[in-house]
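Trainee: dropping a prediction and its sequence here:
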Amino acid sequence: MGTNLERSPRTLLVCERSSLLDDKNRLSAQVEQQHFNHKVTVLLPECDSAPSQLDVALKSFQSFYLIRKLPLYELLNKDFLQAAVCQGGVFGLSYKTRIEEDNCVFLLPNGRLCLSLDKDSYELLGVEGKAWKSKLPRYVITVDMTLGERGYQRLLTGLTSRLPLKMDFLLSCHSGGGAVLQPLLSRYDWSEHTPKVRSQTLTQLPCPALLTSDLQSYDPFSLLEWLGAVAADVSCDNKSGSFLSSLAYPEPTNTTAQSLSLSVCGLLLPRDILALIQELRRYLERPHSMSWVAMTVHGFIDNLHAHGGPFYTLVLFQDQTYCLHMATPTT
């Protein structure tokens with residue numbers, strides 16, 4: 001069941017409630033739609049240390065590679081593409097490029113290559129695309145490189161002759177598929193990176209009343225506001241006047257003695273996030289004084305393929321129900 005709640009003229013907050021016990025729930029599909037994830041944060045109320053299985057799940061996120069000055073035509077190599085798709089897909093995006101100012105490139109696991117180009121680069125490349133709304137004229141080109149269509153050949157010709165772009169590029173693939181990247185790694189400067197895991201113990205954390213009494217009736221806006229304040233280490237005590245917000249914040253009535261905030265940061269694959277969700281589900285099957293956990297996933301901001309918006313928040317409850325909060329731009 002989904003609910004649309006509009007807070008501002010530009011943003012629509014979609015709240016979808018369902019159950020992990022329902023075979024028709026769409027949680028896995030929705031997680032997999034956001035290909036490029038930068039950070040995952042988990043909040044465990046009334047917890048002072050991460051259970052070993054949860055710690056393992058966080059440290060099991062797939063490593064990724066940074067390739068320096070990669071010529072983009074390398075991504076169109078047919079042997080590379082075929083191997084990538086057979087291994088479950090390669091995820092890639094240009095590194096430290098700004099979507100509204102720089103040329104940006106995204107490689108999707110289904111074999112599609114997407115380019116966001118400024119007007120001059122678009123005209124020079126000579127491949128048909130679509131205009132994209134931004135402050136400056138920009139165009140988006142999407143080519144399915146697995147079909148061998150004419151667009152693929154035109155893109156290959158353009159990137160090897162008319163517009164030989166080189167970019168620092170992040171690449172990752174599922175466990176066991178690292179051999180797909182070896183030909184690229186053998187020819188260019190690269191470094192391997194492991195997602196960074198951090199934990200922080202939070203003491204005397206004020207908690208909104210509805211999250212401790214009526215778990216299914218909390219206000220989504222207040223929840224996201226509170227989680228944002230916790231993540232930013234901003235005081236949530238209204239009486240002190242230090243909670244800076246234009247939104248209404250519910251007076252906290254409960255204080256958790258100790259809570260745990262866990263995060264992992266890098267180029268994070270949807271499959272690893274789904275594995276983490278399963279561990280959170282098992283964690284909630286144990287008896288707790290607090291019967292919920294919250295997980296926020298931040299996508300790369302400069303990304304054409306964020307699922308609705310640059311982040312989503314999942315609240316899991318002990319009875320296996322959940323609420324998924326997604327911010328989407330209004331049209």
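Mentor: Noted; the coordinates are in hand.
Trainee: ok, Glu100 - contacts?
Mentor: 134-136, 138 (C-beta atoms under 8 Å, 6 or more residues apart in numbering). Glycine gets a C-beta too; all of them are placed from N, C-alpha and C.
Trainee: for Leu136, same thing?
Mentor: Leu136 touches 100-101, 118-119, counting by C-beta under 8 Å, 6+ apart.
Trainee: most neighbours, which of the contacts of Glu100?
Mentor: Taking other C-beta atoms under 10 Å as the neighbour criterion, Arg138 ranks highest of those with 22 neighbours.
Trainee: now the helices for the stretch 101-250 of the chain?
Mentor: All helices of the stretch 101-250 of the chain, identified by DSSP state H, counting those that start in this stretch, fall at 119-125, 150-157, 182-185, 220-231.
Trainee: got the residue ranges for the strands in the stretch 1-150 of the chain?
Mentor: Listed in chain order, the strands found in the stretch 1-150 of the chain under DSSP state E, counting those that start in this stretch are 2-8, 11-19, 37-44, 64-71, 90-94, 104-107, 112-118, 130-132, 138-144.
Trainee: before we move on, back to that, including distance to Leu76 and pLDDT, could the contacts of Glu100 go into CSV?
Mentor: Below are these laid out as CSV (distance: C-beta to C-beta, whole Å; pLDDT from 0 to 100):
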residue, distance to Leu76, pLDDT
Ser134, 26, 73
Lys135, 30, 75
Leu136, 27, 79
Arg138, 22, 92
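Trainee: quick one: the helix or strand hosting Ala327 to chain centroid distance?
Mentor: Assessed by DSSP states H and E, Ala327 sits inside strand 321-329. Remark: strand 321-329 is offset 13 Å from the chain centroid, using C-alpha atoms, centre = their mean, to the nearest Å.
Trainee: give me the buried positions along it.
Mentor: 321-327 (16 or more other C-beta atoms under 10 Å).
Trainee: re earlier: just the buried ones from the contacts of Leu136?
Mentor: Asp118.
Trainee: just the contacts of Leu136 now: which is nearest Phe317?
Mentor: When the contacts of Leu136 are compared for distance to Phe317 (C-beta to C-beta), Glu100 wins out at 38.6 Å.
Trainee: and that closest one, what are its phi and psi?
Mentor: phi -100, psi 0 (degrees, to the nearest 10).
Trainee: from Arg138, how far off is it?
Mentor: 7 Å (C-beta to C-beta, to the nearest Å).
Trainee: many thanks, we can stop here.
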